[in-house]
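In: A predicted structure for the sequence below; I have some questions about it.
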Amino acid sequence: MADDLRSRIMKDEAHTNSVMKTMILFSLAMIFFPVFLYFFSKAVIFEGTMGISSQDSSFYSAFVAIGAVHIILGLFLYAAFTEDTSKPTDLKAE
């Protein structure tokens with residue numbers, strides 16, 4: 001009985017660690033990718049390659065950053081809904 005309880009607790013801890021890793025990964029992505037894409041698209045794509053003015057390139061690169069946020073959020077929701085939430089079927093009622 002004690003070994004069964006210990007194995008269930010360890011499985012729950014592993015699942016919790018997995019959920020925390022996923023949350024931290026997506027949180028960091030939500031912070032860094034949109035900021036990076038904003039400045040990269042402003043300097044390199046819109047001003048450098050396309051020759052758009054600074055004010056207009058700020059406007060367009062904001063859309064790029066907002067798009068990145070939406071993509072990351074969609075990927076997080078997909079990861080959250082497809083994660084394995086099934087309970088072990090080997091639990092016995094006592």
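Out: Alright, I've got the coordinates. Numbers count the residues shown, from 1 in each chain.

In: For the rest of this, base every contact and every neighbour count on C-alpha atoms.
Out: Fine.

In: in the protein, what spans have low per-residue confidence?
Out: 1-15, 85-94 (pLDDT under 70).

In: For it, which segments count as helices?
Out: 2-40, 54-82 (DSSP state H).

In: Phe46 is nearest to which of the ones you listed?
Out: Within the helices of the chain, the stretch nearest Phe46 is helix 54-82; the backing value is 5.5 Å (C-alpha to C-alpha).

In: which parts of the closest one are buried?
Out: Within helix 54-82, the residues scored as buried using 16 or more other C-alpha atoms under 10 Å are 57-58, 61-62, 64-65, 68-69, 72-73, 76.

In: ok, of these, which one's closest to Val19?
Out: Phe76 (11.2 Å).

In: what about the closest residue in space to that closest one that isn't next to it in sequence, neighbour count?
Out: Spatial nearest neighbour of Phe76, excluding adjacent residues (C-alpha to C-alpha, 6 or more residues apart in numbering): Phe26 at 6.6 Å. Residues contacting Phe26 under the criterion other C-alpha atoms under 10 Å number 17.
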